[in-house]
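S.K.: quick check, what structure comes out for this input:
(one chain, ligands or ions: 1)
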Amino acid sequence: AGIEFELDAPYAVEYHERLSSTNDRARELATAGAADVAVVADEQTGSRGRLDREWVAPSGGVWVSIVARPAVSPARAPLFTLAAAVAVADACREAGVDAHIKWPNDVLVGSDDAAEAEPDRSAATGRGGRKLAGILTEMEGEADRVSWIVVGIGVNADIDAAALPADATSLRAEVGADPDTDARSGNRSESGGEVDRRRIAATLLERFAALTGTDDGLDRILPAWRERSSTLGRRVRVETATGPVVGTAVDVESPGALVIETDEGRTRVHAGDCEPLRDA
Ligand code: BT5
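M.R.: Take a look at the predicted model:
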């Protein structure tokens, strides 16, 4: 069953049963001049994560890419990724799952403290909470103006966790799971609950539009992100293009930099993979 729907959303929705990648289709539309369109697919066969990593996207997920033409400078584009993470976290919470944001673009179940609650899993994956959703933002622009921005969002919604990578989970697996038993025993797929994909898609599109559509909304992104973050206050190791940065994550600053307190002082990282460490 697909998720074709008449969404009461602030976007025109283009629905496909199967696509290679919703981001690729959205980029096509964007370069042809489209705006305020959301491309939705039930299944993707060639979807991408960051740095051309593979994204597993079987039928049952919420796979959506939004085309926007905001009147902002390219330097502010990372704010759109943070806004998407807030929107996804809220949609997952509305579905009854305790979702948190890990800088910059992962939505995880539970906090990174899961690393301590689940030593076995943490040893296997090298990090804490299980990944429920990811975001891939792409854009084109000149020096001072974004021409278009495509925000690709993947939420593991109505999917059996067995169909996903080992450190991933889905809303279906988490809904109704008792956090004190199922989560710790890693017994994910037996607790399958009801997941309303239309509602999740509608909520996340509404939230994203509210945060990115006006200056007032843009001002609310960072505070909303901080409130939902599991990264701030933790010791982290971030792999950046110029090497690892280790310290305590103390804040996120516009347009999306993570501020880390290291032994040598404060530093800002703009991109990289972030891994929570046990508190020293
Ligand atoms: C991301 O990359 O997390 C961004 C994923 C964006 C996917 C959406 S779906 C709609 C749109 N169309 C696209 O083609 N893409 C977007 P990154 O942080 O690089 O994480 C990728 C890593 O997550 C992979 O290397 C795997 O380890 C893991 N992974 C792959 N599929 C996953 C899944 N379904 N759930 C959780 N983790 C997954």
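S.K.: how about the residues of the stretch 101-250 of the chain that lie near the ligand?
M.R.: 105, 131, 134, 135, 136, 152, 153, 154, 156, 164, 165, 168 (CB under 6 Å from any ligand atom). Glycine gets a C-beta too; all of them are placed from N, C-alpha and C.
S.K.: try it again with 8 Å
M.R.: The stretch 101-250 of the chain has residues 105-106, 131-136, 152-154, 156, 159, 164-165, 167-170 near the ligand, with proximity defined as CB under 8 Å from any ligand atom.
S.K.: so how do I select the buried members of those residues in ChimeraX?
M.R.: The buried residues among those can be selected in ChimeraX (16 or more other CB atoms under 10 Å) with this line:
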select :105,106,131,132,133,134,135,136,152,153,154,156,159,164,167,168,169,170
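S.K.: which of the residues of the stretch 101-250 of the chain next to the ligand fall in strands?
M.R.: Using DSSP state E, the subset of those located in strands is 106, 131, 132, 133, 134, 135, 136, 152, 153, 154.
S.K.: ok, the last one - contacts?
M.R.: Contacts here follow CB atoms under 8 Å, 6 or more residues apart in numbering; on that basis residue 154 touches 47, 55, 57, 61, 62, 63, 133, 134, 135, 136.
S.K.: so the second one touches residue 49, yeah?
M.R.: Yes. Contact status for residue 55 versus residue 49: in contact at 4.6 Å, counting by CB atoms under 8 Å.
S.K.: if we can go back for a sec, from the ones in strands among the residues of the stretch 101-250 of the chain next to the ligand, pick the one nearest residue 235.
M.R.: For these, the residue nearest residue 235 by CB to CB is residue 106; the value is 17.3 Å.
S.K.: so for residue 55 and residue 49, which sits in the more crowded spot?
M.R.: Each of residue 55 and residue 49 has its neighbours counted (other CB atoms under 10 Å); residue 55 has more, 19 against 15.
S.K.: who does the residue of the stretch 51-200 of the chain at minimum distance from the ligand bridge with?
M.R.: Relative to the ligand, the nearest point of the stretch 51-200 of the chain is residue 134 (2.1 Å; CB to the nearest ligand atom). Taking DSSP bridges as the rule, residue 134 bridges to residue 106, residue 154.
S.K.: residues in contact with residue 24?
M.R.: Counted by CB under 8 Å, 6+ apart, residue 24 has contacts residue 46.
S.K.: hmm, the helix or strand hosting it in reach of the ligand?
M.R.: Following DSSP states H and E, the helix or strand that holds residue 24 is helix 22-31. Yes. Shown here: helix 22-31 in contact with the ligand (CB under 8 Å from any ligand atom) through 22, 23, 24, 26.
S.K.: tell me which helix or strand comes right after that helix.
M.R.: Downstream of helix 22-31, the first helix or strand assigned by DSSP H and E is strand 37-44.
S.K.: hang on, the earlier thing: alpha carbons of the helix holding residue 24, as CSV, please.
M.R.: Only the C-alpha atoms of helix 22-31 are listed here, as CSV (Å, rounded to 0.1, in the frame of the first residue of the first chain):
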residue,chain,number,x,y,z
THR,A,22,13.3,11.7,-4.2
ASN,A,23,16.2,14.2,-3.9
ASP,A,24,17.2,13.5,-7.6
ARG,A,25,13.6,14.1,-8.7
ALA,A,26,13.4,17.2,-6.6
ARG,A,27,16.6,18.6,-8.1
GLU,A,28,15.1,18.1,-11.5
LEU,A,29,12.1,20.1,-10.6
ALA,A,30,14.2,22.7,-8.8
THR,A,31,16.4,23.3,-11.8
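S.K.: now that helix against strand 37-44, angle please.
M.R.: Going by axes from the mean of the first three to the mean of the last three CA atoms, to 10 degrees, helix 22-31 is angled at 150 degrees with respect to strand 37-44.
S.K.: show me what counts as buried in helix 22-31.
M.R.: Buried-residue list, helix 22-31, by 16+ other CB under 10 Å: 22, 23, 24, 25, 26, 27, 29, 30.
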